[in-house]
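Trainee: Please work out how this folds:
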Amino acid sequence: MIPAVAAIRTWFEALPPNARGLLWNLMSAFAFMSMIMLVRYMSKGYNTGELFFWRAAIGLVLFMPVVLRAGPTLFRTRRAGLHVFRNLMHFVGIACWFYAVAAMNLSMAMALQFTIPLFTIVLAILFLGEKVEPARWLATAIGFAGVLIILRPGMEPITLAAVMALVSAVGYAGSNVTTKALVREDAGDTVVFYMNLMHVPMALVLAEVLGGLKLPPLADLPWLIAIGACGTAAHWLMARALSVADASLVVIIDFTKLPWVTLGALVIFGEAPVVWAWVGGAVIFFATFYIARREARAKAPAAKGTK
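Mentor: Numbering: from 1, shown residues only. Predicted structure coming up:
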C-alpha cells in the first residue's frame, strides 16, 4: 500500500466511531448530490427509464468484484418473493425520483425526500406490526405537516413532479421496511446483488414504455457511468456510516443533502432555492431527528441488558 494512503487509513480508523460515521455520511451526501446534478443534466437527452437503466446496469458491473469474491453463496436465498417485492418498491422509488429531479426545483425535491423515514414508520406499523408510542406518532404528524409547508396546497398548484417525489419517498420507505425483513436471513451483499440484477430488466421495460432505449454516443458514456458510480458510492458510503455511527447523527448529516443540492442547482443550473422548501424541510428534519433520538434511547437499555 502507498505510504500516504496507509497513513490516512490509520488516521481514519483511529477516529471515534461517530466521527468516522460523520465523514462517511458527508461523502455520501456529496455523491448523492453529484448523481442528482448528473441526472438533471442528462435528462435533456434521455428519458427516465434510460437513465435508470444505465444507473442499474453500471451498478451491476461495479458490483461484480463482490460477486466474484463471494461465489455461489451470494445467490442463495429462501425469500425470492420478498426480494421481488423489495425491488419493485425500490424501482418505484428510483424511477419517480429521477422524474422529479428532471422536472422540479431541486431544493423542493430534496426536501420532500426527507419524508422517507416518516413513511418508513407508517409502513413498518402496517406490515411489520411495530408498536409506536404517542410521542413518535405526534412527531411523525409534525413531520408530515412539513410537507404541507413545502407544497402549500391551495396557495400553489400541486405538480405531477411533486407527487412523484412523494411517491418516490413511499417507494424507498417500502424498500427500507422490506430490507429489515430480508436481512434477518440474507446477507446485505445478497440483497444488493438482487437489487441490481432485478432493476436492469425493470428499467429496460420502463425505458421502452417511455420511448425506447437508445445506444448513447461515446461522448455521453462518461456521464452515464458517473451516474451509476455516484449512485453506487452514495449507497455504499451511507451503509458504512450507519454501521458505525448513531442513527441520530446520521439523520443530522443527511440533512446536509439539502444545502449540497441547493448549491449545486444554483451554481450549475442557475436555479434559485425555494424558501418554503427549507422551512418545510427543517420541520421534517427536526421531527425525524426527534424520532431517531427516541429510538436510540429506547435501544440503549436493551443493549445494556444483553451484556
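
Trainee: For the rest of this, base every contact and every neighbour count on C-alpha atoms.
Mentor: Will do.

Trainee: so where's the protein shaky on pLDDT?
Mentor: 1-2, 5, 128-130, 132, 239, 242-243, 245-252, 295-296, 298-307 (pLDDT under 70).

Trainee: where do the helices sit along it?
Mentor: 3-13, 17-42, 48-62, 64-70, 80-103, 106-113, 116-128, 134-151, 160-182, 188-209, 221-244, 247-254, 257-269, 275-305 (DSSP state H).

Trainee: Can you tell me which of these is most buried?
Mentor: Highest mean neighbour count of those: helix 106-113, a mean of 26 (counted as mean count of other Cα atoms under 10 Å).

Trainee: before we move on, the earlier item: can I get the helices of the chain in TSV including distance to residue 215?
Mentor: Below are the helices of the chain laid out as TSV (distance: least, Cα to Cα, whole Å):
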stretch	distance to residue 215
helix 3-13	39
helix 17-42	14
helix 48-62	10
helix 64-70	23
helix 80-103	20
helix 106-113	28
helix 116-128	34
helix 134-151	38
helix 160-182	27
helix 188-209	12
helix 221-244	10
helix 247-254	35
helix 257-269	26
helix 275-305	37
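
Trainee: Find the nearest non-adjacent residue to residue 171, please.
Mentor: Sequence neighbours aside, residue 93 is the residue nearest to residue 171 in space, at 4.2 Å (criterion: Cα to Cα, 6 or more residues apart in numbering).

Trainee: mind checking how far residue 271 is from residue 281?
Mentor: 18 Å (Cα to Cα, to the nearest Å).

Trainee: same deal with residue 7?
Mentor: Applying Cα to Cα to residue 7 and residue 281 gives a distance of 39 Å.

Trainee: Ok, residue 261 next?
Mentor: 13 Å.

Trainee: How about residue 173?
Mentor: Distance from residue 173 to residue 281, by Cα to Cα: 17 Å.

Trainee: Residue 46 now?
Mentor: Residue 46 is 29 Å from residue 281, by Cα to Cα.

Trainee: just residue 200 next, same as before
Mentor: With Cα to Cα as the criterion, residue 200 and residue 281 are 32 Å apart.

Trainee: And residue 176, by the same measure?
Mentor: Applying Cα to Cα to residue 176 and residue 281 gives a distance of 21 Å.

Trainee: ok, what's across the strand from residue 153?
Mentor: Applying DSSP bridges to residue 153 yields these beta-bridge partners: residue 156.

Trainee: count of neighbours near it?
Mentor: 11 (other Cα atoms under 10 Å).

Trainee: Spell out which residues are contacts of both of residue 261 and residue 281.
Mentor: Common neighbours of residue 261 and residue 281 are not found (criterion: Cα atoms under 8 Å, 6 or more residues apart in numbering).

Trainee: ok, and what's touching stretch 221-235?
Mentor: 27-32, 34-35, 38-39, 42, 51, 54-59, 62.

Trainee: mind redoing it with 10 Å?
Mentor: 24-39, 41-42, 50-63, 192, 196, 215-216, 236, 239, 241 (Cα atoms under 10 Å, 6 or more residues apart in numbering).

Trainee: I'm done for today, thanks for sticking with me.
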